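S.K.: Predicted model and sequence below, questions to follow.
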Amino acid sequence: MENLLLTVLICSATTFLSTVLILYRNYFKFGSVCFNIGSSKNRRLSLPLGSLGWPFLGETIEFVSCAYSDCPESFVNKRRHRYGKVFKSHIFGSPTIVSTDAEVSKFVLQSDAKAFVPSYPKSLTELMGKSSILFINGSLQRRIHGLIGAFFKSPHLKAQITRDMQKYIQESMATWRDDLPIFIQDETKNIAFQVLVKALISLDPGEDMEFLKKQFQEFIAGLMSIPINIPGSRLYRSLQAKKKMVKLVQKIIQAKKESGISNVSKDVVDVLLNDTSDRLTDDLIADNMIDMMIPGEDSVPLLMTLAIKYLSDSPTALQQLTKENMEFKTIKEQLGEPLCWSDYLSLPFTQNVITETLRMGNIINGVMRKAMKDVEIKGYQIPKGWCVFTYFRSVHLDENNYDGAYDFNPWRWQVRIS
C-alpha cells in the first residue's frame with residue numbers, strides 16, 4: 001500500500017498537465033465548422049438558447065450547489081439536454097456561454113488574445129489579488145514563470161519531493177489502526193500539502209504548518225463563492241484567512257533576508273528573492289506563494305483519493321497495478337536504489353490508471369475565456385464582453401467520445417497508445 005500510494009502521488013504530480021493535454025488530443029476533432037471573428041452587423045445571428053437566471057445572482061447558486069454534489073455535471077447536463085451543447089447562462093457575476101461542444105471549445109481555447117482572453121470568477125479574482133501570477137502580464141509574468149518553471153524542473157527539487165513524499169506517507173501510515181476508519185482524502189491532503197509547502201517556503205511540520213493548513217481551508221472555500229464581500233460572507237472570511245497566511249509567509253521571507261539568502265535556492269521563495277528585479281516585491285512573492293499552494297490542498301489530493309476509490313471498485317485493475325509496482329519495488333531493492341522521480345516512466349499501467357482517473361475525476365472541470373469582440377461560432381453569436389465556459393466534464397463523460405464513459409477502464413489508454 002505504501003509503495004502504491006507513493007507511486008500514485010509521484011505520477012499525479014508529474015503527469016497532471018501533460019495528461020490533460022493528452023485528453024484534449026483524444027477528444028477534440030476539428031471538423032469543417034464556420035467560425036468568424038469581428039462585426040456581425042450584416043449577419044442575422046442569435047445567442048444560444050438558455051436562461052440568465054435571477055437578477056445579479058444569475059444561476060450561480062445552482063451551479064455551485066451542483067459542483068459540490070455527487071453529480072457535478074448535473075447543472076450542465078440538464079441544460080444541455082434542454083438547450084443543446086452550447087447554451088447561455090449567468091454565473092459568477094457574468095453573462096456566460098457554456099460549451100460542451102468539442103469543436104467550439106477547441107476554437108475558443110486556441111484563439112489568440114484578439115478574440116478571447118483568460119477570465120476568472122469575480123470571487124477568485126478578489127481572492128488571488130492583482131499581483132497574482134494569473135493576472136500579471138508582460139515581462140514580469142514571463143520572468144516569474146521562467147524562474148519558477150526552471151526550479152520545479154531541477155534535479156534537486158525532484159529528489160527532495162520524492163524523499164518527502166516517502167517520508168510523509170510512512171509517517172501517516174504508521175498512525176493507521178485496523179480498528180479505526182482511515183479517511184483517505186484527509187491523509188492525502190496532509191501529505192500533498194506538506195510536500196508542496198516545503199517546496200515553496202521550506203516550512204516543516206509543526207505549529208506554523210498546522211496554522212497554515214487551518215487558514216488555507218478557510219481560504220480555498222471561497223474560490224467558488226458568490227462575489228459578495230461583506231463581513232460574515234464566505235468571500236470575506238476567505239480574504240481574512242489569506243491575510244493571515246500572507247503575514248506568516250512575509251515573516252518567513254524576512255527571516256531569510258536577515259539570515260542571508262543562499263545562492264543555492266532551497267525553495268521557490270529563495271528563487272524569487274535571488275532575482276535582481278525590483279518588481280518582485282515581498283508582498284508579490286507572499287501573495288503568490290499562497291496561490292501556489294492550491295494544488296496541494298485541492299487537485300492532487302483529490303486525484304489520489306479518486307484513484308484509490310476507483311481501484312477499490314476494480315479488483316482486476318488493483319491486482320495488475322499491485323503486481324507492476326511490487327515487481328518494480330523488488331528490482332529497486334535488488335539494485336539497492338531508492339525511488340527516484342523518473343521511475344514512473346517504467347510503470348505503463350500505473351500511468352494508465354492516473355490518466356483514467358484524471359478523465360473520470362475531472363479535476364479541472366472547465367476553463368473560462370472572455371470575448372474581446374463579437375465572435376460567431378457555429379451560427380451563434382458570442383457578444384463582446386461575455387464569458388465562455390468550456391466545460392470538460394461533459395465531454396470526458398460523453399458516451400460518444402468514450403465507450404462506457406462512466407466505467408473506470410485504464411486499459412482504454414493502452415489500446416489508444418498501441
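M.R.: Cool, got the structure.

S.K.: Sort out which residues of the helix or strand harbouring residue 243 are buried, please.
M.R.: Residue 243 is part of helix 234-259 when elements are defined by DSSP states H and E. Neighbour counts over helix 234-259 (16 or more other C-beta atoms under 10 Å) mark 234-236, 238-239, 241-242, 245-246, 248-250, 252-253, 256 as buried. All C-beta spots, glycine's among them, are computed from the backbone N, C-alpha and C.

S.K.: Could you list everything the nearest residue to residue 392 once chain neighbours are set aside pairs with in the sheet?
M.R.: Of all residues beyond its chain neighbours, the one nearest residue 392 is residue 366 (5.4 Å), with distances taken as C-beta to C-beta, 6 or more residues apart in numbering. When bridges are called by DSSP bridges, residue 366 pairs up with residue 391.

S.K.: my guess is residue 366 meets residue 391, correct?
M.R.: Yes - taking C-beta atoms under 8 Å as the definition, residue 366 is a contact partner of residue 391 at 4.2 Å.

S.K.: of those two, who's got more company?
M.R.: Remark: of residue 366 and residue 391, residue 391 carries more neighbours, 24 against 18, as counted by other C-beta atoms under 10 Å.

S.K.: residue contacts, the more buried one?
M.R.: 73, 76, 98, 99, 100, 105, 365, 366 (C-beta atoms under 8 Å, 6 or more residues apart in numbering).

S.K.: swap in residue 389?
M.R.: So, once contact is read as C-beta under 8 Å, 6+ apart, residue 389 ends up touching 89, 91, 96, 97, 98, 99, 366, 367, 368.

S.K.: do that again at 6 Å, thanks
M.R.: Counting by C-beta atoms under 6 Å, 6 or more residues apart in numbering, residue 389 touches 96, 98, 366, 368.

S.K.: Please verify my assumption that residue 397 contacts residue 403.
M.R.: No - between residue 397 and residue 403 there is no contact under C-beta atoms under 6 Å: 12.0 Å.

S.K.: Comparing the two, which residue is more hemmed in?
M.R.: For residue 397 versus residue 403, neighbours defined as other C-beta under 10 Å are more numerous around residue 397 (16 against 9).

S.K.: Look up how far residue 234 lies from that one.
M.R.: Separation of residue 397 from residue 234 (C-beta to C-beta, to the nearest Å) stands at 29 Å.

S.K.: All the strands of the protein, in order from the start?
M.R.: 35-37, 86-91, 94-99, 116-118, 366-371, 375-377, 380-382, 387-391 (DSSP state E).

S.K.: now the closest residue to residue 211 other than its chain neighbours: how far from residue 90?
M.R.: Among residues not flanking residue 211 along the chain, residue 248 sits closest, at 6.9 Å (C-beta to C-beta, 6+ apart). According to C-beta to C-beta, residue 248 and residue 90 sit 37 Å apart.

S.K.: go on, residue 239?
M.R.: Per C-beta to C-beta, residue 239 is found 24 Å from residue 90.

S.K.: And the lowest mean pLDDT element among the helices and strands of this protein?
M.R.: None of the helices or strands of the chain scores lower by mean pLDDT, DSSP states H and E than helix 2-27, at a mean of 41.
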